[in-house]
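**Q** Fold the stuff below for me.
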Amino acid sequence: MENKKTVIISLQDDNDELKRLAESLDYTVMKIFVQHHSTPNRSFYIGKGKIEEVKEYLEEKDIDYVIVNGKLTPSQWYNMEKELNAIVYDRIRLILDIFADRAKRKEAKLQVKLAYLRYEKPYIKELVHKIRAGEHPGFMAGGEYEVANYYEMIKKQIKKIRKELEKIERERESHYEYRWKKGYYLVTIAGYTNAGKSSLLNNLTGENVKVEERLFSTLSTTTRAIKKRDAPILITDTVGFIKDIPHWLIDSFKSTLKGIELSDVVVLLVDISEENNTIVDKINLSVKEIMEINANQKIVIGFNKIDKISKKERDNKINALKEYIGNRPYVFLSAKTGEGIEELIKTIYHSLPDSVTMEINFPSRVERQDISFIFTKGVKVLYLSQLGDKIRISCSDQLKEKLMGKFIKKGAEVKIIRAV
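**A** Numbers count the residues shown, from 1 in each chain. Here you go, the predicted structure:
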């Protein structure tokens with residue numbers, strides 16, 4: 001990808017995240033222009049004097065791109081591009097370009113396309129308005145008819161893509177339901193972008209999902225079974241969270257985030273090597289997003305990247321973060337070195353829904369082949385008499401009905417003792 005020169009325009013001093021987002025798409029940020037205002041200028045986002053300053057700099061340095069650390073209205077975007085004679089992107093458009101660059105699977109590409117169309121819709125409407133007012137934006141080298149046609153095409157495309165994504169979502173839900181009925185527990189790894197979710201997935205499952213040190217490297221979910229464990233657990237990673245994302249953009253990726261809604265436990269992964277105020281912001285944002293998807297979700301916090309800080313730093317950070325952790329269980333870990341992984345697995349197990357203990361009594365001796373189904377994954381045999389006529393097992397709640405049906409069909413009496 002070619003290296004592109006750009007400047008950032010912002011109303012605040014904290015522009016590090018936007019700079020990293022731009023650099024992840026091979027932009028070189030030449031300068032950051034900050035104008036402190038509580039609200040953007042209605043016409044140009046920043047004041048006219050600042051616009052002139054930016055314009056002079058763009059001409060002097062031969063820069064073609066401007067990135068705004070905020071959301072532009074259609075009229076602000078139009079006015080800025082016209083005045084600066086440059087390609088102007090706001091924060092959301094930049095993130096969409098990153099998504100497009102990372103999308104590899106069909107579902108991710110459809111989600112990105114839907115998000116692009118929803119983003120473009122109000123801007124195209126603005127162009128129609130400008131043309132009717134006698135201006136000539138030059139969009140598609142056409143006039144009102146061409147732009148209006150494009151606007152109608154966008155609406156049709158949105159409808160079509162939504163139907164395709166709904167079909168994919170139904171298929172995913174049926175897969176989740178099938179796994180659930182088979183007795184699998186579902187665990188999702190969530191967290192801010194670049195927290196190390198794919199690395200953790202690899203460590204927990206022994207898989208080799210591609211890991212890249214760049215923002216939003218994961219747009220499509222990956223589900224794998226946790227390695228070397230008796231209880232059947234499936235782990236899924238998800239697209240990373242990021243601040244200041246509009247609801248409609250999150251909604252475009254709702255099928256990818258479905259795992260959070262259906263999970264028994266969510267592991268919220270946090271980079272503990274960052275500054276405390278950054279960690280607080282990311283915990284609060286991530287918990288808010290998770291709770292909006294499933295208000296009753298069990299959350300285990302995994303403080304990742306402990307290999308980057310000392311034990312003393314770790315202890316000091318936890319003391320400062322206790323208020324934001326609340327009563328949620330948490331674990332220190334390094335997805336890179338494997339430290340803390342066993343402790344995380346134990347914590348996940350303790351956070352799973354209660355299992356059910358059943359006592360099964362047959363009227364007479366039972367051959368082992370007739371009860372071979374109790375030796376499948378997800379069932380723990382607590383007691384089995386020599387004659388096979390008395391059995392005690394524990395299993396997940398979702399397996400209970402299925403197993404009871406099999407025992408009763410074979411003439412046994414089944415008694416639920418307790419949840420454990």
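
**Q** shaky segments in the stretch 1-150 of the chain?
**A** 1-3, 128-147 (pLDDT under 70).

**Q** my bad, the stretch 251-400 of the chain
**A** In the stretch 251-400 of the chain (pLDDT under 70), the answer is 252, 254-256, 295, 377.

**Q** Let's see that with 90 instead.
**A** 251-264, 285-286, 288-298, 326, 336, 349-359, 363-390, 392-400 (pLDDT under 90).

**Q** Surely residue 289 is in a helix?
**A** Yes - counting by DSSP: H, G, I helix; E, B strand; the rest coil, residue 289 is found in a helix.

**Q** so what's the nearest residue to it once chain neighbours are set aside bridging to?
**A** Nearest residue to residue 289, sequence neighbours excluded (C-beta to C-beta, 6 or more residues apart in numbering): residue 241, at 5.3 Å. In this view, the C-beta of every residue, glycine as well, is placed from N, C-alpha and C. For residue 241, the beta-bridge partners under DSSP bridges are residue 192.

**Q** so who does residue 241 touch?
**A** 190-193, 282, 285-286, 289 (C-beta atoms under 8 Å, 6 or more residues apart in numbering).

**Q** again, only this time at 6 Å
**A** 192, 285-286, 289 (C-beta atoms under 6 Å, 6 or more residues apart in numbering).

**Q** Over to residue 389?
**A** Residue 389 makes contacts with 362, 365-366, as judged by C-beta under 6 Å, 6+ apart.

**Q** Any figure for the gap between it and residue 404?
**A** For residue 389, the distance to residue 404 (C-beta to C-beta, to the nearest Å) stands at 17 Å.

**Q** again with residue 277
**A** Counting by C-beta to C-beta, the gap from residue 277 to residue 404 is 52 Å.

**Q** quick one: which of the two has more around it?
**A** residue 404 (18 against 9; other C-beta atoms under 10 Å).

**Q** Isn't that one up against residue 414?
**A** Yes - if you go by C-beta atoms under 6 Å, residue 404 and residue 414 touch, sitting 5.1 Å apart.

**Q** element containing residue 28, please.
**A** Here residue 28, judged by DSSP states H and E, is contained in strand 27-34.

**Q** in that strand, what counts as buried?
**A** 27, 29, 32-34 (16 or more other C-beta atoms under 10 Å).

**Q** Alpha carbons of it, in CSV - could you do that?
**A** Coordinates of each C-alpha in strand 27-34 appear next as CSV, following Å, rounded to 0.1, in the frame of the first residue of the first chain:
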residue,chain,number,x,y,z
TYR,A,27,-0.8,7.2,6.4
THR,A,28,2.1,9.4,7.5
VAL,A,29,0.7,12.1,9.8
MET,A,30,2.7,15.2,9.0
LYS,A,31,1.0,17.5,11.6
ILE,A,32,-1.8,17.7,14.0
PHE,A,33,-3.9,20.9,14.1
VAL,A,34,-5.8,21.4,17.3
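
**Q** so what secondary structure elements neighbour that strand?
**A** Judged by 3 or more C-beta pairs under 6 Å, 6 or more residues apart in numbering; DSSP states H and E, strand 27-34 is in contact with strand 4-10.

**Q** rerun that using 7 Å as the cut-off
**A** Secondary-structure packing of strand 27-34 (3 or more C-beta pairs under 7 Å, 6 or more residues apart in numbering; DSSP states H and E): strand 4-10, helix 16-23, helix 48-61.

**Q** Of those, which is nearest residue 223?
**A** helix 16-23 (27.6 Å; C-beta to C-beta).

**Q** Show the backbone phi and psi for the residue lying closest to residue 72 once chain neighbours are set aside.
**A** Among residues not flanking residue 72 along the chain, residue 90 sits closest, at 4.1 Å (C-beta to C-beta, 6+ apart). Main-chain torsions, residue 90, degrees, to the nearest 10: phi -100, psi -180.

**Q** give me the beta-bridge partners of residue 90?
**A** residue 68.

**Q** quick one: it and residue 74 touch, right?
**A** No - using C-beta atoms under 7 Å, residue 90 is not in contact with residue 74, being 10.6 Å away.

**Q** Looking at those two now, which is surrounded by more residues?
**A** The residue with more neighbours, out of residue 90 and residue 74, is residue 90; 22 against 17, by other C-beta under 10 Å.

**Q** how near is the more buried one to residue 124?
**A** 16 Å.

**Q** so who does residue 196 touch?
**A** 269, 271, 304-305, 335 (C-beta atoms under 7 Å, 6 or more residues apart in numbering).

**Q** Specify which member of those residues is nearest to residue 165.
**A** residue 269 (26.0 Å).

**Q** the strands in the stretch 51-200 of the chain, which residues?
**A** Assigned by DSSP state E, counting those that start in this stretch, the stretch 51-200 of the chain shows strands spanning 65-68, 87-90, 185-191.

**Q** so which of those strands is the most packed in?
**A** strand 185-191 (a mean of 26; mean count of other C-beta atoms under 10 Å).

**Q** Need the residues that contact that strand.
**A** 176, 179-180, 197, 200-201, 231-238, 240-241, 259-260, 262-270, 286, 290, 348, 352, 396.

**Q** So which of the residues you listed are in helices?
**A** 176, 179-180, 197, 200-201, 259-260, 262, 286, 290, 348 (DSSP state H).

**Q** what angle do the helix or strand hosting residue 204 and strand 185-191 make?
**A** Counting by DSSP H and E, the element that carries residue 204 is helix 197-205. Helix 197-205 and strand 185-191 are oriented at 150 degrees to each other (axes from the mean of the first three to the mean of the last three C-alpha atoms, to 10 degrees).

**Q** Name the next helix or strand following helix 197-205 along the chain.
**A** Towards the C-terminus, the helix or strand next in line after helix 197-205, according to DSSP H and E, is strand 222-225.

**Q** Provide the strand pairings for that following strand, with the direction of each partner.
**A** Here, using DSSP bridges, strand 222-225 pairs with strand 233-237 (antiparallel).

**Q** Name the nearest residue to residue 378, ignoring sequence neighbours.
**A** Nearest residue to residue 378, sequence neighbours excluded (C-beta to C-beta, 6+ apart): residue 183, at 3.3 Å.
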